[in-house]
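1. Give me a model of this one.
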Amino acid sequence: MKIYAYSIAALTYVATSTSAFTPSHLNGNAILSQQRSIASSSTISTSISPTTATALSSANSADPAIAELYIRRTRPEYIPGHISDPDYVRIFDTTLRDGEQSPGATLTSSEKLEIAKNLAKLGVDIIEAGFPIASPDDFNGVKQIADVVGNEVFDDGYVPVIAGLSRANEGDIKRAWDAVKGALRPRVHTFIATSDIHMRSKLNKTPDEVVEIAVNAVMYAKSLGCDDIEFSPEDAGRSDPEFLYRILEKVIIAGATTLNIPDTTGWNMPWEFGELIKKLRENVPGAENVVFSTHCQNDLGLATANSLAGALNGARQLECTINGIGERAGNASLEEIVMALALKGDEQFKGGPGTGRLFTAINPVYITPTSKMVAEYTGMKCQPHKAIVGANAFQHESGIHQDGMIKDKSTYEIMTPESIGLMRGESQSGAGIVLGKHSGRNAVGTRLRELGYDFEGDKLNAVFKRFKEVAEKKKGGLDDDDLESLVSDQAGSVNELWSVTGLQTTTGLSGIPTATVKMMGPDAVERYVSATGTGPVDAVYKAIDQIMGVSVVLESYSMNSVNEGIEALASTRVVIVPTANGPNDAAVMDAQTSQLREKKFSGSGSDTDIITSSARAYVSALNKLLTWKMRRMANGTADTTGASGAVAVEGEAPMVVAN
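-> Here you go, the predicted model:
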């Protein structure tokens with residue numbers, strides 16, 4: 001499988017590092033050799049060298065691999081209605097116009113300007129800045145983008161075309177032209193519906209009237225001094241092809257330079273829409289003098305597929321939006337189109353004009369920051385599984401997948417997150433590993449080693465067993481803090497004598513807090529006891545004391561949230577002191593005072609349930625106490641621990657815990 005993206009390092013054309021687009025362990029020379037062998041049968045019509053590529057000013061990095069991400073591929077000189085390289089695909093972004101039409105996605109003028117600046121860094125060929133006639137604020141927003149972004153020329157001579165949308169009437173067109181004419185490359189985009197249902201029900205016009213309106217609109221735009229005019233037959237996907245041939249011929253004669261073919265309702269299948277583009281190119285007189293474009297809605301989830309089908313059949317402008325936002329179900333997603341062409345453009349698009357090795361000049365490293373900006377400003381967050389930019393797009397939780405990613409990232413990733421501006425670095429083991437209930441031992445062990453814990457054998461098994469128990473209950477996976485908390489939790493379990501196997505508590509404003517605890521002892525027999533206390537933790541601790549046969553004083557008790565949120569992991573730490581002269585007396589000589597004192601034992605526990613976390617910490621401390629007493633016994637000291645008999649302690653309660 002060939003894994004690369006042309007528009008950052010132009011791998012087929014530049015003999016430079018491939019690390020930005022391929023998993024870091026792959027051999028760059030091998031990748032280049034593979035690509036050259038695939039490309040050898042075709043002539044490359046547009047080449048690029050390190051001297052002609054443009055490194056954006058923000059790409060100042062000491063790391064050559066990172067700096068390379070910001071190198072943008074050279075594009076053909078912009079000429080309205082003509083592309084000198086038939087393999088080049090123009091990217092027309094309509095986030096600020098169609099995208100803003102998403103319910104609740106209203107943008108301020110300043111927010112539009114910031115997004116437009118990022119779109120320019122991304123390298124889109126055309127920015128449709130808005131619908132100027134809609135309101136004074138829309139007009140001012142489009143004008144500001146045209147005057148600012150439309151006049152910022154990059155080092156390679158690139159400056160985006162700034163387009164304004166208008167209906168096919170003089171008032172709209174004049175307003176659109178006034179808004180965009182300050183740009184170095186202004187465009188007016190005018191439209192009228194051409195499907196039977198739209199002409200009949202919405203426009204109340206005959207086909208002849210619609211043709212006349214369309215021609216007059218294009219001629220009027222041209223009369224204003226606009227030489228870059230885009231015409232769209234709205235709802236072309238449901239229009240009569242014969243009528244499309246007729247109206248498109250007339251607008252070409254009138255001066256249109258780009259013919260945009262919208263699947264306005266997302267009605268078409270990819271093969272159906274691709275065939276429509278092919279028929280229009282073959283049957284519209286003058287088609288060779290214009291650029292055909294696509295604008296596909298996502299009502300059936302096919303917007304990206306339809307756009308690519310259009311490109312396969314000769315469309316050389318693809319209209320799309322960041323994150324696929326737009327009317328109803330949205331538009332074709334820019335990031336999906338761009339990366340599909342980056343990965344498959346030179347081998348899956350043969351049959352149309354040119355060599356079939358399609359490419360854009362988009363700089364994908366700006367995809368992630370632009371996506372985040374649009375999501376933040378519009379308030380429309382991406383679903384986690386959204387292709388390319390979703391939170392889960394480069395995340396791996398399945399144990400099988402994680403094992404593959406650790407060994408070879410190309411097993412489950414066809415592009416690197418760095419190639420779209422998501423600098424993963426060493427986080428999540430450098431492989432997007434999310435530690436959750438499906439994770440395997442290899443993934444957990446790898447992350448522990450990266451955190452500095454060199455666990456093997458029983459130690460790793462103990463942490464992994466506890467990890468699985470917690471992961472079953474904690475949604476969203478465990479982060480590094482959670483994992484380190486589990487390590488502390490298991491630190492005292494190597495010589496574990498007693499373990500909690502069941503726990504239930506009842507508490508509230510009325511009634512007595514009660515706990516029922518079940519434990520497994522060193523004799524492999526389960527015992528359970530119910531006890532009451534001043535609170536649920538106190539009741540649990542008293543039940544544990546009775547089962548284990550201990551008498552201790554709880555010297556300190558602390559609990560912290562490992563991270564944020566309702567499902568955060570709770571980490572508890574306790575310090576206990578055996579009751580003087582009790583069955584678990586642990587008197588030791590103080591080295592400084594030469595006085596006898598009771599030895600202290602600490603324990604830690606973690607769980608998503610605070611009561612379970614508290615119980616685990618307490619049992620961990622008690623196990624340390626009993627283990628210490630057993631070592632003393634082995635050295636000749638009498639056994640007074642009660643560990644072997646697990647008898648209940650008679651007398652006063654060992655402690656009271658405030659809740």
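2. so Ser613 sits right up against Gly605, yeah?
-> Yes: applying CB atoms under 8 Å as the test, Ser613 and Gly605 come out as touching, 4.9 Å apart. To be clear about C-beta, it is placed using only N, CA and C from the backbone, and glycine gets the same treatment.
3. Neighbour count for the two, which is higher?
-> Neighbour count, other CB atoms under 10 Å: between Ser613 and Gly605, Gly605 has more, with 29 against 26.
4. Who's the closest spatial neighbour of the more buried one, skipping the chain neighbours?
-> Spatial nearest neighbour of Gly605, excluding adjacent residues (CB to CB, 6 or more residues apart in numbering): Arg616 at 2.9 Å.
5. any idea how far Thr572 is from the one you found?
-> 7 Å (CB to CB, to the nearest Å).
6. Common neighbours of those two, please.
-> 605-606 (CB atoms under 8 Å, 6 or more residues apart in numbering).
7. Tell me which other helices or strands the host helix or strand of Leu165 touches.
-> Using DSSP states H and E, Leu165 maps to strand 161-167. Counting contacts by 3 or more CB pairs under 8 Å, 6 or more residues apart in numbering; DSSP states H and E, strand 161-167 packs against strand 126-130, helix 136-148, helix 170-180, strand 186-193.
8. what angle sits between the first one and helix 170-180?
-> Okay, so that is strand 126-130. Orientation note: strand 126-130 sits at an angle of 120 degrees relative to helix 170-180 (axes from the mean of the first three to the mean of the last three CA atoms, to 10 degrees).
9. Packing partners of strand 126-130?
-> strand 90-93, helix 109-122, helix 136-148, strand 161-167, helix 170-180.
10. Okay, angle between the fourth one and helix 109-122 too, please.
-> Spelled out, it's strand 161-167. Using the same axes, to 10 degrees: strand 161-167 against helix 109-122 is 130 degrees.
11. Show me how far strand 161-167 is from its chain's centre.
-> Its chain's C-alpha centre lies 31 Å from the corresponding centre of strand 161-167 when counted by CA atoms, centre = their mean, to the nearest Å.
12. relative to helix 136-148, how tilted is it?
-> Strand 161-167 and helix 136-148 are oriented at 150 degrees to each other (the same axes, to 10 degrees).
13. Kindly provide the whole-number mean pLDDT of strand 161-167.
-> Averaged across strand 161-167, pLDDT comes to 98.
14. now do stretch 459-467
-> Per-residue pLDDT values over stretch 459-467 give a mean of 79.
15. buried set for that stretch?
-> Within stretch 459-467, the residues scored as buried using 16 or more other CB atoms under 10 Å are 459-460, 462-464, 466-467.
16. so of the residues you listed, which ones are in helices?
-> If you go by DSSP state H, these have 459-460, 462-464, 466-467 in helices.
17. Pull out the buried residues from whichever strand or helix holds Tyr245.
-> Taking DSSP H and E as the definition, one finds Tyr245 inside helix 241-254. By neighbour count on 16+ other CB under 10 Å, the buried set for helix 241-254 is 243-252, 254.
18. between those residues, which is closest to Thr190?
-> Val251 (9.1 Å; CB to CB).
19. How about the contacts made by the closest one?
-> Applying CB under 8 Å, 6+ apart, the residues near Val251 are 214-215, 218, 231, 259.
20. Check which helix or strand Val374 maps to.
-> Per DSSP H and E: Val374 is located in helix 367-378.
21. rewinding a little: for the residue nearest to Gly605, report the pLDDT, please.
-> In this model, Arg616 is scored at 89, pLDDT.
22. now the strands: where do they sit in the stretch 1-150 of the chain?
-> For the stretch 1-150 of the chain, strands defined by DSSP state E, counting those that start in this stretch occupy the ranges 54-55, 71-72, 90-93, 126-130.
23. Mean neighbour count and distance to Asn140 for the ones you listed - can I get that in a markdown table?
-> Below are the strands of the stretch 1-150 of the chain laid out as a markdown table (neighbours: other CB atoms under 10 Å; distance: least, CB to CB, whole Å):
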| stretch | mean neighbour count | distance to Asn140 |
| --- | --- | --- |
| strand 54-55 | 18 | 31 |
| strand 71-72 | 24 | 30 |
| strand 90-93 | 26 | 20 |
| strand 126-130 | 30 | 10 |
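24. Which stretch among those strands approaches Leu203 most closely?
-> strand 126-130 (22.6 Å).
25. how about the closest one as CSV, C-alpha atoms only?
-> This file holds the C-alpha atoms of strand 126-130, laid out as CSV (Å, rounded to 0.1, in the frame of the first residue of the first chain):
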residue,chain,number,x,y,z
ILE,A,126,-11.2,29.9,-4.2
ILE,A,127,-12.8,31.2,-1.0
GLU,A,128,-16.6,31.8,-1.3
ALA,A,129,-16.8,34.4,1.4
GLY,A,130,-20.5,34.8,1.6
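26. one step back: pick the one among the contacts of Val251 closest to Leu96.
-> Of the contacts of Val251, the one sitting nearest to Leu96 (CB to CB) turns out to be Phe231, at 20.2 Å.
27. ok, that closest one touching Phe191?
-> Yes: using CB under 8 Å, Phe231 and Phe191 qualify as a contacting pair, with a distance of 7.0 Å.
28. Could you measure from the residue lying closest to Ser620 once chain neighbours are set aside over to Ser84?
-> Leaving aside its sequence neighbours, Ser620 sits nearest to Gly603 (CB to CB, 6+ apart; 3.2 Å). As judged by CB to CB, Gly603 and Ser84 stand 74 Å apart.
29. circling back: could I get the strands of the stretch 1-150 of the chain as TSV with mean pLDDT and distance to Pro136?
-> Output for the strands of the stretch 1-150 of the chain, formatted as TSV (pLDDT from 0 to 100; distance: least, CB to CB, whole Å):
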stretch	mean pLDDT	distance to Pro136
strand 54-55	48	37
strand 71-72	82	36
strand 90-93	98	24
strand 126-130	97	12
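30. Among those, which comes closest to Ser371?
-> Across the strands of the stretch 1-150 of the chain, Ser371 has its closest neighbour in strand 90-93 (12.2 Å, CB to CB).
31. Many thanks, we can stop here.
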